[in-house]
Each structure stands twice: as structure tokens, then as C-alpha cells.
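Q: Here's my sequence, what's the structure:
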Amino acid sequence: MRDPLYKVRVEAHSKSINKIVKQICGVYRDVYSDDLEVRGNTPTERFHSILEIIRSEFEKGTRFSAEIGDEFGSNFAGDSEDILNSIRRRLEFDDVTPNQFYDCLLRVFCDISSQANQRYVDVPLGEVFRLAVADVRTRFLQNLNIRVGKNRHFPRMLSYVSELATELSVDGYQPLKIMNAAGAGRVSAVSNDPAKLKVRVDAEYFDGYEEWWN
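A: Have a look, this model is predicted:
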């Protein structure tokens, strides 16, 4: 069976990682009047490539390394690992690619469905996010340090669930449906608190979903 998220997977990208890479490349260009050669085909590969370049520059004690320290505001005292950690913290959840979070969301909904004793299960959105973030830590980013709640990460996580729900919908059928926690009324377009929302999951749909990625 064709993976219903194929289109999402192909088009997914990380704008935040690209923004950081572009920022660092700008510093390099200002210092050397030349373009920085960054290796890698994906945003994450390019990001790790550029971290290695920065580490090398710090070992040489170049002007570029000093400028990077100023750019990212780290009290690094000449320690390359301090400045690299400072750059990584800028990304936090932004270092999680859409593909990774979609996969973790799918696994969460599969786990919920496998334990359900009825077809439709309502799950608090905050609980969905906590389980997904825990799975991201286990499988992709062990040092990921974000909190689920009313913060700057919530709109992005909500957009992922919304996109997933839209992609899975066919002819009005919705195996995933985002709803107000109370169950009534239209969901606000500017929702900013997971405690106010829930997801209705069709357990019959997701109970056999693992076959699409195995």
C-alpha cells in the first residue's frame, strides 16, 4: 500500500536549520570575502558539516571563530564546544526535521490505537506532543531539551499534526481530527495552548498502520 504521507515526506525541509547555516555562511563571507563550502544533501547534514568547519576554525584560532562567537553571543572563552553547544541550543526543536516528527507522531497514534478498546479515542493534544517528543529523543536527538506547553514551539508542532490530519483525510473521512478540549465549537485559527485542544483518533485506521513503514 502506498504511504499516504509520501508527498509530505518528499517536500519536507527544515527552514530553521537553513537559516542558521545561511547566517554562519554570511559571517564567513564577511571575514574571507569568499563562499563557505558546506557539504551535505539535507539541511541536517549541512548543519553538522558546518559545525565541523567551525570546530576546525576554533582549533586554528582564526578571526572567523572570533566573529562566530560574537554572532551567537556565547561566553565561550575560546572553547569550541561551548560555541557549538550555543549554536545547537539556538535550534532546539528546530533541529528536528518534519520527516522525523511525522514519523514519531504516526508511532504515537499507532501505539494509542493498539491499546484502544473502542474505535474513536480522544487524546489531549499535550499528551500527544509529550509522547512524540519523547520518541524524538529516543530515536533521533537524545539531547533535545524542550517543554510541551504554551511556548514558541507549539505553533510548529500544531502545524505538523494539522498537516498530517489533512494528508490522511480522504473524501471527508478524517482518521485524525483536531478538536477543542471541550469537544464543541470550531478550533481557533490562532490556538496557542495545547491544554485547550485534543485529537480524535480512529483506532481502526491506525491499528494496522505500521505496515506502511515496515
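Q: Could you pull out the strands in the chain for me?
A: Using DSSP state E, the strands of the chain run over residues 120-124, 176-180, 197-202.
Q: List the contacts of the first one.
A: This points to strand 120-124. Strand 120-124 is contacted from outside by 112-113, 179, 181, 183, 194-195, 197-203, using C-beta atoms under 8 Å, 6 or more residues apart in numbering. Heads up, the C-betas are built off the backbone N, CA and C, glycines and all.
Q: same thing but at 7 Å, please
A: 112, 181, 198-203 (C-beta atoms under 7 Å, 6 or more residues apart in numbering).
Q: So among the residues you listed, which ones count as buried?
A: 112, 198-203 (16 or more other C-beta atoms under 10 Å).
Q: quick one: which of these is nearest to Phe129?
A: Val199 (9.9 Å; C-beta to C-beta).
Q: residues in contact with that closest one?
A: Contacts of Val199 by C-beta under 7 Å, 6+ apart are 123, 125, 128, 161, 176-178.
Q: Pick out the most distant pair among those.
A: Farthest-apart pair in the contacts of Val199 is Val128 and Lys177; separation 12.5 Å (C-beta to C-beta).
Q: tally of neighbours for Ser162?
A: Neighbour count of Ser162, defined by other C-beta atoms under 10 Å: 14.
Q: doesn't Leu176 make contact with it?
A: No: using C-beta atoms under 7 Å, Ser162 is not in contact with Leu176; the gap is 9.2 Å.
Q: May I have the predicted confidence score for the residue nearest the centre of the chain?
A: The residue lying closest to the centre of the chain (C-alpha atoms, centre = their mean) is Val96, at 3.3 Å. Note for Val96: predicted pLDDT of 72.
Q: That concludes my questions; thank you for your assistance.
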